[in-house]
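Novice: compute the structure for the input listed below.
(one chain, ligands or ions: 2)
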Amino acid sequence: MKFFILLLFFILLLESVSSLRVRRVSRIFNVKKYGAQANGQIDDSKAFMEAWKAACRSSGTVNLLIPRGIYLVGPIQFKGPCRNVNSIIVQIQGTLKATTDLSKYKRADWVEFGWVDGLVLTGGIFDGRGAISWPFNECPKQKNCKVLPTNIMFVNTTNTIVEGITSVNSKFFHIGLLGCTNFKGSSIAIRAPANSPNTDGIHLERNRGVSITRSTIATGDDCVSIGQGNSDVTLTRIKCGPGHGISVGSLGKYKGEGDVTGLTVKDCSVTGTTNGVRIKTWENSPSASVAANMTFENIIMSDVVKPILIDQEYCPYAKCDSNSPSRVKISDIKFKNIRGTTKDPEAVTLRCSKGIPCKDITLQDISLKHVGGVRGTVSALSSTCLNVRPTFSGTLNPPPCR
Ligand SMILES: *[C@@H]1O[C@H](CO)[C@@H](O)[C@H](O)[C@H]1NC(C)=O
Ligand SMILES: *[C@@H]1O[C@H](CO)[C@@H](O)[C@H](O)[C@H]1NC(C)=O
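Specialist: Residues are numbered from 1 along each chain as shown. Ligands and ions are numbered 1, 2, ... in the order given. Predicted structure coming up:
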């Protein structure tokens, strides 16, 4: 008798342990059962939408399954709320291929997940087929341009997990997070040519609680860009390059922008990029916001043009009217243990606003080396500091600015 009670106890214990690890799926919604052809020729958008609607109307933990195959899809919106669903697992084993006809995109994204709580997105290749539309992108030349669609957009989602997805050749940004709370991304792979325009890897705007880890980003613009209104963002073990590096900003372009606070960038490598880690704010900013409490730590730079950069006179165009300094207030920023190689001998540039100097900027253990100019001439490194008096400690190459 005692033995049986003990056995029962153990079985119950095992059950509770395993249910913590395995997500119990109550129903599977397979897009093929909803008519998806998976032949890469016929548009499967309608089947995807039908399967999503059925899953979203269901209850408990549900699985939207996209099996092996190539699916041609136009802009699709996986929209919640899914009232009786605890968690919706979108499991992709195949490749999604974007429509190239730009007239079909009414929103500024291709695949959108919006207003969902407890979304889990795993696997899948999102091929934006951007090469055809890159020549139509006017944003590198013009401030008020029409943006092309982002590959994967998350809008106002809460408690989201994204793992093991791949995004290639997006038309514009690869992944966008807008107004999300508690987002965890891992093992994300992003690829586009180094010269593809505005193909930022992951762009964040107005989110709270974002962590991205163990991801590889090779693209034509910023690997990760942390735009306005974000708080509590952690980026770890990101391999970035080629691209424009890991950037905060650009901030201060529009009225009513939110603050950026609580950023940690740690254990990352940046290779063959134009910038390493940077904070950029526009001159003439119509709104006064704050960029504060940021740590950039344990970062390896290889052949980076500008490894450490604060630029409060940001202007990507040939000409910007520069009659007033940036009003974005930068404070409490730490650069710690950053080493590797730089292409520009001026490896640290802190160009802060004439209007509001940067405050509490720390550089600790910065150890960089010049990889050599056109004729292989290696120069001594230098730093430039404008409107800022940083605190220096530890090993410093370049030496502190005076
Ligand atoms: C997202 O949520 C915020 C509040 O949490 C709300 O102000 C905003 O309008 C929402 N955005 C959209 C596009 O619904
Ligand atoms: C700075 O940000 C970190 C990480 O988000 C947070 O835990 C901490 O409380 C913040 N510190 C201040 C002084 O706001």
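Novice: which SSE is Lys97 in?
Specialist: strand 95-98 (DSSP states H and E).
Novice: following element in sequence after that strand, please.
Specialist: Immediately after strand 95-98, counting by DSSP H and E, sits strand 109-114.
Novice: would you mark the buried spots in whichever helix or strand comes after that next one?
Specialist: Under the assignment DSSP H and E, the closest C-terminal helix or strand after strand 109-114 is strand 119-122. Neighbour-count burial for strand 119-122 flags Leu119, Val120, Leu121 (criterion: 16 or more other Cβ atoms under 10 Å). Quick note: C-beta positions are derived from backbone N, CA and C, even for glycine.
Novice: with pLDDT added, can I get these in a markdown table?
Specialist: Formatted as a markdown table, the buried residues of strand 119-122 follow (pLDDT from 0 to 100):
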| residue | pLDDT |
| --- | --- |
| Leu119 | 98 |
| Val120 | 98 |
| Leu121 | 98 |
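Novice: so which of those residues is the closest to ligand 2?
Specialist: Using Cβ to the nearest ligand atom, Leu119 comes nearest to ligand 2 of these, at 22.8 Å.
Novice: so, low pLDDT: which residues of the stretch 201-350 of the chain?
Specialist: 321-322 (pLDDT under 70).
Novice: how far does the strand holding Lys97 sit from its chain's centre?
Specialist: 20 Å (Cα atoms, centre = their mean, to the nearest Å).
Novice: mean confidence score for it?
Specialist: Across strand 95-98, pLDDT averages out at 98.
Novice: mind listing the strands it pairs with, and their directions?
Specialist: strand 70-73 (parallel), strand 125-127 (parallel) (DSSP bridges).
Novice: ok so, going back, now, which of the buried residues of strand 119-122 sits nearest ligand 1?
Specialist: Distances from ligand 1 to those, taken by Cβ to the nearest ligand atom, are shortest for Leu119, at 15.0 Å.
Novice: bridging residues for that closest one?
Specialist: Ile88.
Novice: nearest spatial neighbour of Thr99, skipping sequence neighbours?
Specialist: Nearest in space to Thr99, with sequence neighbours left out and distances taken as Cβ to Cβ, 6 or more residues apart in numbering, is Gly74 at 4.2 Å.
Novice: actually Val25, sorry about that
Specialist: Nearest to Val25 is Asn63, by Cβ to Cβ, 6+ apart, at 4.6 Å.
Novice: what's the burial count for that neighbour?
Specialist: For Asn63, the neighbour count with other Cβ atoms under 10 Å is 19.
Novice: which SS class is it?
Specialist: The three-state label given to Asn63 by DSSP: H, G, I helix; E, B strand; the rest coil is strand.
Novice: so what's Tyr71 bridging to?
Specialist: The partner residues for Tyr71, given DSSP bridges, come to Leu96.
Novice: my read is that it contacts Ala98, right?
Specialist: No. Tyr71 is beyond contact range of Ala98, at 10.2 Å (criterion: Cβ atoms under 8 Å).
Novice: the residue of the stretch 1-150 of the chain found nearest ligand 1: what's it in contact with?
Specialist: Of all residues in the stretch 1-150 of the chain, the one sitting closest to ligand 1 is Trp115 (7.0 Å; Cβ to the nearest ligand atom). By Cβ atoms under 8 Å, 6 or more residues apart in numbering, the contact list for Trp115 reads Lys79, Gly80, Pro81, Val155, Asn156, Thr157.
Novice: for PyMOL, what selects the buried ones among those residues?
Specialist: Filtering the contacts of Trp115 down to the buried ones (16+ other Cβ under 10 Å) takes a single PyMOL command:
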select buried, resi 79+80+155+156+157
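Novice: okay if I get the contacts of Trp115 as JSON lines plus pLDDT, distance to Leu251 and secondary structure?
Specialist: Listed next are those as JSON lines, based on pLDDT from 0 to 100; distance: Cβ to Cβ, whole Å; DSSP: H, G, I helix; E, B strand; the rest coil:
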{"residue": "Lys79", "pLDDT": "98", "distance to Leu251": "30", "secondary structure": "strand"}
{"residue": "Gly80", "pLDDT": "97", "distance to Leu251": "30", "secondary structure": "coil"}
{"residue": "Pro81", "pLDDT": "98", "distance to Leu251": "31", "secondary structure": "coil"}
{"residue": "Val155", "pLDDT": "98", "distance to Leu251": "21", "secondary structure": "strand"}
{"residue": "Asn156", "pLDDT": "98", "distance to Leu251": "22", "secondary structure": "coil"}
{"residue": "Thr157", "pLDDT": "98", "distance to Leu251": "23", "secondary structure": "coil"}
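Novice: residue contacts, Thr150?
Specialist: Residues near Thr150 by Cβ under 8 Å, 6+ apart: Ala108, Asp109, Trp110, Ser170, Lys171, Phe172, Phe173, His174, Ile175, Gly176, His203.
Novice: do I have it right that Ser211 meets Ile238?
Specialist: No. Using Cβ under 8 Å, Ser211 is not in contact with Ile238, being 11.0 Å away.
Novice: ok, these two, which is more surrounded?
Specialist: Ile238 (25 against 15).
Novice: and the residue of the stretch 251-400 of the chain closest to ligand 1?
Specialist: Taking Cβ to the nearest ligand atom, ligand 1 has its nearest neighbour within the stretch 251-400 of the chain at Gly258, 11.3 Å off.
Novice: nearest residue to that residue in space, ignoring adjacent ones along the chain?
Specialist: Counting by Cβ to Cβ, 6+ apart, the residue nearest Gly258 is Gly229, at 2.8 Å.
Novice: sorry, back to before: out of the strands paired with strand 95-98, nearest to Ile92?
Specialist: Nearest to Ile92 among those is strand 125-127 (7.9 Å), distances taken as Cβ to Cβ.
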